[in-house]
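Colleague: Below: sequence and its predicted model.
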Amino acid sequence: MAASPTLNLAARVVRTALAGTPADVALREALTQDRHYTAPQQRREVSRAVFTYFRWWRWLDSEDSWQKQITAALALQARFDREPASIKSETLAIRAMPEWLKDEIDTLPIGWLQQLQREPALWIRAKSGTGAALAEKLGHCTPAPQSSDGLRYTGITDLHRTKEFQAGEFEIQDLASQLVSLACAPRPGETWWDACAGEGGKTMHLSDLMQNKGLLWASDRSLRRLAKLRERAARAKVFNFRSAPWEGGAKLPTKTKFDGILLDAPCSGSGTWQRNPHARWTTQLKDVHELAAVQAQLLNHVAGSLKPGGRLIYAVCTLTRAETTAVAAAFTAAHSELEPVSAQTIWPHELNANGMFIAVWRRK
Ligand SMILES: C[S@@+](CC[C@H](N)C(=O)[O-])C[C@H]1O[C@@H](n2cnc3c(N)ncnc32)[C@H](O)[C@@H]1O
């Protein structure tokens with residue numbers, strides 16, 4: 001860690017997070033308030049210190065000062081990056097995960113445990129067919145084996161400030177999320193519903209795959225997120241969508257029947273714990289069960305809106321049994337009008353990205 005003001009600010013953020021504010025929110029607020037930390041390099045150092053602290057939280061001595069704990073976490077990170085074998089898999093199984101996860105995952109892959117202790121990769125998504133050209137323009141890009149438009153960016157430029165981003169040539173989007181829209185494989189001219197569209201990460205990808213042709217409904221319970229979606233869509237020049245609020249109940253935003261529906265459901269997010277290590281320690285088993293009930297309800301509500309032959313894609317960025325295979329199995333059992341097509345668990349260490357579960361059904 002270069003300067004102690006950086007360490008002090010990181011310590012302040014850690015304290016705020018431990019008092020109950022999610023670390024990413026506490027970080028954003030602190031960086032906005034503290035004018036000394038506007039330089040991208042300093043912002044990166046503070047963010048890195050905070051997330052490294054939570055990544056190594058179970059290794060730290062809580063009697064030490066915050067600054068000393070953060071310094072110890074950064075040293076552990078450096079050692080692990082250099083020598084992953086320096087930390088035994090049994091130790092990782094105990095310290096890198098909350099206890100309750102063992103009830104939800106039969107065998108914790110060692111690759112995932114190790115992945116959780118690394119800094120996450122930054123993925124971007126170029127507009128369809130432009131990955132190679134974008135990589136050339138931005139530099140420091142490596143294409144994903146799964147998609148030439150998915151690029152891992154290893155440079156240090158603030159991508160939001162690049163002219164390519166301003167012109168809507170790419171989005172910052174995790175590779176696992178990109179694979180969800182690719183699994184949807186919508187065709188130009190079709191009618192799709194992105195039922196939990198949030199800020200529109202997948203809406204924009206779906207539209208791109210549809211070549212901006214056809215119609216895409218984007219709904220969410222959060223009006224704030226839908227407003228952000230419209231803003232992002234304008235920058236990305238996405239025009240073939242209609243946004244509408246939907247609380248997730250039986251009253252749907254439209255009577256339209258769809259060629260495809262994506263339900264990117266709210267979930268416990270265990271697949272994102274590498275990116276958001278604080279959430280490992282705040283998410284509880286009861287959240288998993290409550291969310292599984294919401295997911296089941298949302299699936300039941302959207303299922304009737306498929307055309308015959310239409311496809312339903314269920315995605316969650318979590319790996320717990322209750323929210324993945326159990327939700328899918330119960331839904332299949334209750335809906336004989338739909339046939340299961342595929343179900344896939346993507347582990348973070350397989351992609352160097354978030355974990356994801358994707359299940360697909362087709363209406364008979
Ligand atoms: C995983 S996020 C969606 C992310 C988004 N699809 C994307 O790619 O950027 C889940 C979304 O579901 C929404 N949500 C949560 N509960 C809901 C409900 N009961 N009905 C509708 N949307 C809900 C949340 O507001 C959140 O935006």
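Modeller: On my side now, so go ahead.

Colleague: what about Pro5, which helix or strand?
Modeller: Here Pro5 sits within helix 4-18, counting by DSSP states H and E.

Colleague: Just list what that helix packs against, helices and strands only.
Modeller: Packed against helix 4-18 by the contact rule (3 or more Cβ pairs under 8 Å, 6 or more residues apart in numbering; DSSP states H and E) you find helix 23-33, helix 40-55, helix 66-82. C-beta: built from backbone N, CA, C; applies to glycine.

Colleague: Between helix 23-33 and that helix, find me the angle.
Modeller: Here helix 4-18 points in a direction 140 degrees away from that of helix 23-33 (axes from the mean of the first three to the mean of the last three Cα atoms, to 10 degrees).

Colleague: Give me the contact list for helix 4-18.
Modeller: Outside helix 4-18, the residues that touch it by Cβ atoms under 8 Å, 6 or more residues apart in numbering are 1, 23, 26-27, 29-30, 34, 36-37, 42, 45-46, 49-50, 53-54, 65-67, 69-71, 278.

Colleague: switch the cut-off to 7 Å
Modeller: 1, 23, 26-27, 30, 34, 36-37, 42, 45-46, 49-50, 53, 66-67, 70, 278 (Cβ atoms under 7 Å, 6 or more residues apart in numbering).

Colleague: do stretch 201-216 as well
Modeller: The contact list for stretch 201-216 (Cβ under 7 Å, 6+ apart) reads 125, 127-128, 171, 173, 177-178, 180-181, 184, 186-192, 194, 197, 218, 229, 232-233, 236, 238-242, 262, 264.

Colleague: Tell me which residues of stretch 337-344 come out buried.
Modeller: Taking 16 or more other Cβ atoms under 10 Å as the basis for neighbour counts, the residues of stretch 337-344 that come out buried are Leu338, Ala343.

Colleague: starting at the chain centroid, how far to that stretch?
Modeller: In terms of Cα atoms, centre = their mean, to the nearest Å, the centre of stretch 337-344 is set 23 Å apart from its chain centre.

Colleague: what is the mean pLDDT for it?
Modeller: Here stretch 337-344 scores 98 as its mean pLDDT.

Colleague: Need the contact partners of that stretch.
Modeller: Around stretch 337-344, the neighbours that count as contacts under Cβ under 7 Å, 6+ apart are Ala303, Leu312, Thr325, Ala328, Thr332, Ile358, Ala359, Val360, Trp361, Arg362, Arg363, Lys364.

Colleague: and Arg44, what is it in contact with?
Modeller: With the criterion set at Cβ under 7 Å, 6+ apart, Arg44 makes contact with nothing.

Colleague: Gly310 belongs to a strand?
Modeller: Yes - in this structure, Gly310 lies within a strand as judged by DSSP: H, G, I helix; E, B strand; the rest coil.

Colleague: For it, give its distance to the ligand.
Modeller: From Gly310 across to the ligand, the span is 19 Å (Cβ to the nearest ligand atom, to the nearest Å).
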